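# need a 3D model of the following:
(one chain, ligands or ions: 1)
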Amino acid sequence: MTKKYKLNFARDVDTDEPGVLILNLPAGFRFYDELCHTRGFESRAELNDAVKWAVIPCDCPECQKYQGA
Ligand SMILES: [Zn+2]
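Residues are numbered from 1 along each chain as shown. As a prediction, this is how the structure comes out:
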């Protein structure tokens, strides 16, 4: 089963901190280079780029819990 993360800016990006966009991946996805579901970006372009190549499906216990698996 392969699924692809699709950015939902309003739901997944925290813009409360000035100058940084914090992407909180929903359950079932993580960043490929570490077991991490949240990452800060300095620009929208940087964030979009990461969404394209750095997000992979995740089935860690935490994701399974929140997906109700
Ligand atoms: Zn996970």
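# quick check, pLDDT for the closest residue to Ile22 other than its chain neighbours.
Nearest non-adjacent residue to Ile22, counting by CB to CB, 6 or more residues apart in numbering: Asp14, 4.0 Å away. Yep, even glycine has a C-beta here, placed from its N, CA and C like the rest. On the pLDDT scale, Asp14 is placed at 97.
# tell me who's in contact with Asp14.
Leu21, Ile22, Leu23, Asn24 (CB atoms under 8 Å, 6 or more residues apart in numbering).
# can you check Phe29 too?
Counting by CB under 8 Å, 6+ apart, Phe29 touches Tyr5, His37, Val55, Ile56, Pro57, Cys58, Cys63.
# quick one: low-confidence parts of the chain?
1-2, 68-69 (pLDDT under 70).
# quick one on the thing from earlier: from the contacts of Asp14, list the buried ones, please.
Among the contacts of Asp14, those classed as buried by 16 or more other CB atoms under 10 Å are Leu21, Leu23.
# between the contacts of Asp14, which is closest to the ion?
Nearest to the ion out of the contacts of Asp14 is Asn24 (CB to the ion; 11.9 Å).
# verify the contact between that closest one and Val13 for me.
Yes - using CB atoms under 8 Å, Asn24 makes contact with Val13 at a distance of 7.5 Å.
# okay, and the common contacts of these two?
With CB under 8 Å, 6+ apart as the test, Asn24 and Val13 reach no residue in common.
# rewinding a little: distance to the ion added to the contacts of Phe29, as a markdown table?
Formatted as a markdown table, the contacts of Phe29 follow (distance: CB to the ion, whole Å):
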| residue | distance to the ion |
| --- | --- |
| Tyr5 | 12 |
| His37 | 6 |
| Val55 | 11 |
| Ile56 | 10 |
| Pro57 | 9 |
| Cys58 | 3 |
| Cys63 | 3 |
